[in-house]
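Novice: coords below, sequence missing:
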Ligand code: GNR
Ligand code: NI
């Protein structure tokens, strides 16, 4: 396993649409392992492959609170089968938009179909933070970021702050 660099806005790769995988082979398992390590190190509760520059429809999620009892989910080719009408609001963050948070409303429940680490087809009924996180990650696979749900004013401010932070990091490195 190895930790990968996480891309941040305004990297144009984050706006690309990821491609379905044909099967969960050793290369995909390797990718899933690297993504999980990268997510735990960040730390974050979810990560999409595009965030480490790989345009494949693969995500990892772990919303468990207890750091000792990890509950990772490996999800490839997710399909949303249904979403509840009622919405829930969470303060969202994104590893690709560091240090910035905003309330986002999404369906409170979603049902998905996907391939797991062993290549088996699974269905999952998610609610609460898990549902929010899964929908946030599936958005990444479609080039969508949580700031896209905010007003133009808030979105532009967050993008501006992200660009400024990037410049500051560059200055330290150079
Ligand atoms: O670590 C993360 N926390 C989070 C909090 C609320 C809603 C979604 C998320 S996902 C985020 C990690 C990330 O950027 N995944 O793409
Ligand atoms: Ni994100």
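Specialist: Received the coordinates, thanks. Owing to the predicted nature of the structure, the values given are computational and were not obtained by experimental measurement. Ligands and ions are numbered 1, 2, ... in the order given.

Novice: Just give me the neighbour total for the residue in the chain positioned nearest to ligand 1.
Specialist: In the chain, the residue that lies nearest ligand 1 is residue 44 (3.1 Å; Cβ to the nearest ligand atom). Backbone N, C-alpha and C define where each C-beta goes, glycine included. By the criterion of other Cβ atoms under 10 Å, residue 44 has 19 neighbours.

Novice: phi, psi of it?
Specialist: phi -150, psi 170 (degrees, to the nearest 10).

Novice: give me every residue that touches it.
Specialist: Residue 44 sits next to residue 95 when contact means Cβ atoms under 8 Å, 6 or more residues apart in numbering.

Novice: Per-residue pLDDT of it, please?
Specialist: Listed pLDDT for residue 44 reads 97.

Novice: do you know how far it is from residue 86?
Specialist: 26 Å (Cβ to Cβ, to the nearest Å).

Novice: Report all helices and strands that the lengthiest helix in the chain contacts.
Specialist: In terms of residue count, the longest helix belonging to the chain (DSSP state H) is helix 152-173. Where contact means 3 or more Cβ pairs under 8 Å, 6 or more residues apart in numbering; DSSP states H and E, helix 152-173 is packed against strand 97-107.

Novice: Give the partner strands of the following helix or strand past the strand it packs on in its sheet and their orientations.
Specialist: With elements assigned by DSSP states H and E, the helix or strand that comes after strand 97-107 is strand 109-115. Applying DSSP bridges to the sheet, strand 109-115 is found paired with strand 73-83 (antiparallel), strand 121-127 (antiparallel).

Novice: Run the angle between the longest one and strand 97-107 for me.
Specialist: Regarding strand 73-83 and strand 97-107, their directions subtend 40 degrees when assessed with axes from the mean of the first three to the mean of the last three Cα atoms, to 10 degrees.

Novice: How far does stretch 161-171 sit from its chain's centre?
Specialist: 22 Å (Cα atoms, centre = their mean, to the nearest Å).

Novice: Name the residues of that stretch that are buried.
Specialist: 162, 165 (16 or more other Cβ atoms under 10 Å).

Novice: which residues are in contact with that stretch?
Specialist: So stretch 161-171 is contacted by 8-10, 97-100 (Cβ under 8 Å, 6+ apart).

Novice: Find the helix or strand that residue 71 is a member of.
Specialist: Counting by DSSP H and E, residue 71 is part of no helix or strand.

Novice: quick one on the thing from earlier: average model confidence for the longest helix of the chain?
Specialist: 90.
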